[in-house]
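[1] Got a predicted model here, sequence first, then my questions.
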Amino acid sequence: MNVVLAGHVDHGKSTLLARLLVDTGAIGESKLAELEAACKHRSSEFELSFLLDAFQVERDQAVSIDATRVWFRSPRRRYAVADAPGHFEFLRHVVTGAAGAGLALLVVDATTGAAEQTERHAAILSLLRIGDVIVAINKMDLAAFSSERFASVREQSKVLLARHGLCAHAFVATVATEGDNVVRRSARMPWYAGETVIEALDRYELSFAAEPPLRFAVQDVYRRDSERLVAGTLAGGPLTVGDLLVFSPSGLAAGVAAIRRFPEDRRPAVDGEAIALALDRDVFVEPGNVASPPDQAPYVTDGFKASVFWFGRNELPSGSRVALRLGTADMNATVKTAGAAGIAYGDVAEVAFELVAPIAVDVDHASGLSRFAIVLDGRIAAAGVVRSIVSRRAATRMHSANVESEAALVVRASREKRFGHRSGVVWLTGLPSSGKSTIAKLLEQRLFALGWNTYVLDGDNLRAGLTGDLGFSAEDRRENVRRVAEVAALFADGGFIAIVALVSPHANDRDAARRLFPESFHEIHVNAPVDVCEQRDAKGLYFKARAGEIAEFTGVSAAYEPPIAPALTLDSAHLTAAECVNVAFDYTVLMFSMLNYSTIVVEPQPK
C-alpha cells in the first residue's frame, strides 16, 4: 500500500517513519551503528530521522528537503511510504511524494497542535484526492503524556481535516523518538486505549476504484523500415492487435495492426508498457494526441476548471498566459479566474483555464489525463487536477442567422493525398518591418518549387480589399485577424498551406485564429526589436507614428504581445532573410510532409 507521510516541519514525520523502519526490522542494527559513528565523527548529535536524510545538509540542519520513499513490511502487508518535507520552501516536493498514494499519515505536534503547513498539506492531499488519513499526535512526552492535551489536539485536527473534506480513520498518541505506540504499545500512556500506528495502517481497508479507461498518450511518431509507428506508454489495458482506437482531440480512428516492443511483439500490451503501434490506416497522429477505445474517449475541451497548487516564484494574477503540460501535450492557456489578488506561493485555489486549442482531458483522478503541471519560464510552477469541463467546443466561430454549413463532397484528406503534402496554416507574427512579408513570399516560392500548393495572405495586400473597410483600433484589428484567419482556414481545408504574414499584435486574437484550425496551426514569431524594425522601415511608417500622424501604431503607440511559446522563432534582427527562410522551410517541410518526420532529409540551402 502506498502511503504519504505529511505534516508541519519539526512535528516529527521523519523520526516517526524511521521508527517504523527500525521497529519492523526494515533497518538493521548495523545501519544504526554506522550512522551513530558518522555523527560522532562529525561531532553532531544523532537523530533517528538521519536514517532518511540522504543529503548531508539535511542532517546538518535537521530539515528534510527532498521527498524520500522507503519500504517496510508488517505482518499483514508491504508498505511504500513517501516522506514529504514539511518546510514551506519545499512544498512542491509534497506533490511529488503524494503522487500515487492511497492513504496519508499526518503527523501533528501535541505541544503546538495543527500549524500552518499542516493546513497546507491537508489542502494538497484534498487536491490530489487522497481523502483518508491516519493522524499521529506526536511528542506526547513533551505534552506530559496528558490525555486532555491529546483530546484537544484531536478535536482541532478533526475540524481541520473536515474543512478540506478529509476523513480521519484513527488518532494515535505517539512518541516517535522512543517508539511509543508506533509499533509497540506504550506503558507510559495507560489512558490511551486506541491502536498503534502499525495497527491502524494494517486495519485500513484499501478501496479499489473502478478500472481506469485505456489511455495511450502519443510521445512520438516515426518510421522504421516500411512501418509508420506511433510510440507512447499505455495506461490501462490490455491492448491487442485488431482493437479500434480513436485519437483525441482530432477524433480520427484507426485499428491496431501491430504492437512493437523489445524484445518480442507477440503478446498483448498491458498497463505501464512503453510500446509502438502500427495502425491499419493512414491517419494523422502527432505527439500530444491520446488514443482510447471509441466508447471510452476522454473529453475534448477548450476550457476547464481545476484545483491548482501554486509554487511559482511570483503571484499568478487572473488573465495570465501560461503553458500547461497534461499527459504528453503542451498547451498554452489563459487563467480566467484566480481571485482578485491572484494566487501566491503555497496557495491551493480553484482556477478556470481557457485553452488556445482543444485538448483531451479526463475528470477522474484515476486517469493521468486529469492531472497537469503549469510551466512558466521553463520551470514547473504548479500542479493541478481537472475538476470540471467548462466547454466541449473545439472552436468558437461567428455564425449568421438561418445559415447552416454544408458538408463538402471532396474532403481535406483526399486533397492532401492528391497534393502530396498535409495542409494547414503557417502564421507569421511580429512587429511592422520585422520581415514577415519578405520571409512569407520567399517561403512560398521555395515550397512552390518543391511542388507544393501554397498561398501567402499578406496583411497589407488584404487591407486593399478584404479588410479595406477596417481601421487600426483594437476592435478593427481583432476583426482584421478574424477575417484573415477564416480565409486561411478555408485555404487549409482546401489542401493548401496558407502562409499568413500579419502583425496580429494581440495574443488572444491569434489564439482565436488557432481555434479555427487547431490540429495544424503553426505560429512563427519573426522577432526583431523596435529599433531594428524602425531602421528597416522603407515606408516611413514609424517616423509618421512618432510624429503623431498615425495613431495606434504597433510598437510605438500600441502594444505588441509576443507569443509565449511559438512553434518557431526567427531572429530576423541577426539573421538574413535567406537564413530565416531556410529555417522556416526546413520546419514547414518537417511539419507538412506526408512522410514521417524522422524519415525526411532536407538538403541544406546555400546562404
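    Structure's in. What do you need? Numbering: from 1, shown residues only.
[2] On the pLDDT front, check the nearest residue to Ala567 once chain neighbours are set aside for me.
    Among residues not flanking Ala567 along the chain, His522 sits closest, at 4.5 Å (Cβ to Cβ, 6 or more residues apart in numbering). Placement of C-beta: from N, CA and C, glycine included. Each residue has a pLDDT score; the one for His522 is 93.
[3] Does His522 touch Ala584 like I think?
    No. Using Cβ atoms under 8 Å, His522 makes no contact with Ala584, being 9.6 Å away.
[4] Could you check which of those two has the larger neighbour count?
    Ala584 (24 against 20; other Cβ atoms under 10 Å).
[5] How about whichever strand or helix holds that one, which residues are buried there?
    According to DSSP states H and E, Ala584 maps onto helix 577-592. Neighbour-count burial for helix 577-592 flags 580-589, 591-592 (criterion: 16 or more other Cβ atoms under 10 Å).
[6] repeat for stretch 381-391
    In stretch 381-391, counting by 16+ other Cβ under 10 Å, buried: 381-387, 389-390.
[7] ok, now stretch 179-194?
    Within stretch 179-194, judged by 16+ other Cβ under 10 Å, the buried ones are 179-183, 186, 189, 192.
[8] could I get the buried residues of helix 577-592 as JSON lines with pLDDT and distance to Glu227?
    Shown next, in JSON lines, are these (pLDDT from 0 to 100; distance: Cβ to Cβ, whole Å):
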{"residue": "Cys580", "pLDDT": "95", "distance to Glu227": "35"}
{"residue": "Val581", "pLDDT": "95", "distance to Glu227": "33"}
{"residue": "Asn582", "pLDDT": "93", "distance to Glu227": "31"}
{"residue": "Val583", "pLDDT": "93", "distance to Glu227": "30"}
{"residue": "Ala584", "pLDDT": "94", "distance to Glu227": "30"}
{"residue": "Phe585", "pLDDT": "94", "distance to Glu227": "28"}
{"residue": "Asp586", "pLDDT": "91", "distance to Glu227": "25"}
{"residue": "Tyr587", "pLDDT": "91", "distance to Glu227": "25"}
{"residue": "Thr588", "pLDDT": "92", "distance to Glu227": "25"}
{"residue": "Val589", "pLDDT": "91", "distance to Glu227": "22"}
{"residue": "Met591", "pLDDT": "88", "distance to Glu227": "21"}
{"residue": "Phe592", "pLDDT": "90", "distance to Glu227": "21"}
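[9] all helices for the stretch 1-150 of the chain, in order.
    13-23, 29-41, 56-61, 92-98, 116-127, 147-163 (DSSP state H, counting those that start in this stretch).
[10] Compare the mean pLDDT across these and name the weakest.
    helix 56-61 (a mean of 38).
[11] on that earlier part again, would you list the buried residues of stretch 179-194 in TSV and tack on pLDDT, distance to Tyr79 and secondary structure?
    Output for those, formatted as TSV (pLDDT from 0 to 100; distance: Cβ to Cβ, whole Å; DSSP: H, G, I helix; E, B strand; the rest coil):
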residue	pLDDT	distance to Tyr79	secondary structure
Gly179	92	17	coil
Asp180	95	20	strand
Asn181	96	17	coil
Val182	95	13	coil
Val183	94	12	coil
Ser186	94	21	coil
Met189	96	24	coil
Tyr192	96	23	coil
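[12] Nearest to Leu105 among the residues you listed?
    Val182 (10.9 Å; Cβ to Cβ).
[13] So which residues of the stretch 301-450 of the chain form strands?
    Shown for the stretch 301-450 of the chain, the strands assigned by DSSP state E, counting those that start in this stretch span residues 321-326, 329-337, 348-361, 371-376, 379-391, 424-429.
[14] Val456 is nearest to which of these?
    Closest to Val456 of the strands of the stretch 301-450 of the chain, according to Cβ to Cβ: strand 424-429, at 9.4 Å.
[15] burial of Val108, as a residue count?
    Neighbours of Val108 (other Cβ under 10 Å): 25.
[16] my bad, Arg546
    So Arg546, with other Cβ under 10 Å, has 13 neighbours.
[17] Pretty sure it sits against Val556.
    Yes. The pair Arg546 / Val556 is scored as a contact, 6.0 Å apart, by Cβ under 8 Å.
[18] Could you list the low-confidence segments of the stretch 401-550 of the chain?
    401-409 (pLDDT under 70).
[19] got the contact list for the residue lying closest to Tyr542 once chain neighbours are set aside?
    With sequence-adjacent residues excluded and distances taken as Cβ to Cβ, 6+ apart, Tyr542 is closest to Glu534, at 4.3 Å. Taking Cβ atoms under 8 Å, 6 or more residues apart in numbering, we find Glu534 in contact with 433, 542, 555.
[20] Quickly list the domain ranges of this protein.
    2-203, 215-296, 299-391, 412-599 (automatic domain parsing).
[21] got the end-to-end distance for the shortest one?
    Put plainly, it is domain 215-296. In domain 215-296, first residue to last residue: 9 Å (Cα to Cα, to the nearest Å).
[22] so how far is Ile499 from Val484?
    Val484 sits 11 Å away from Ile499, going by Cβ to Cβ, to the nearest Å.
[23] oh sorry, the question was meant for Thr454
    Taking Cβ to Cβ as the measure, Thr454 falls 6 Å from Ile499.
[24] Neighbour count: those two, which is higher?
    Neighbours around Thr454 and Ile499, counted as other Cβ under 10 Å, are more numerous at Ile499. The numbers are 27 against 23.
[25] one step back: shared neighbours of Thr454 and Ile499, anything?
    443-444.
[26] Low-confidence bits of the stretch 251-400 of the chain, can you list those?
    Looking at the stretch 251-400 of the chain by pLDDT under 70, you get 263-266, 337-341, 364-368, 391-400.
[27] Apply 90 and report the result again.
    251-254, 261-273, 280-285, 294-322, 327, 330-359, 362-400 (pLDDT under 90).
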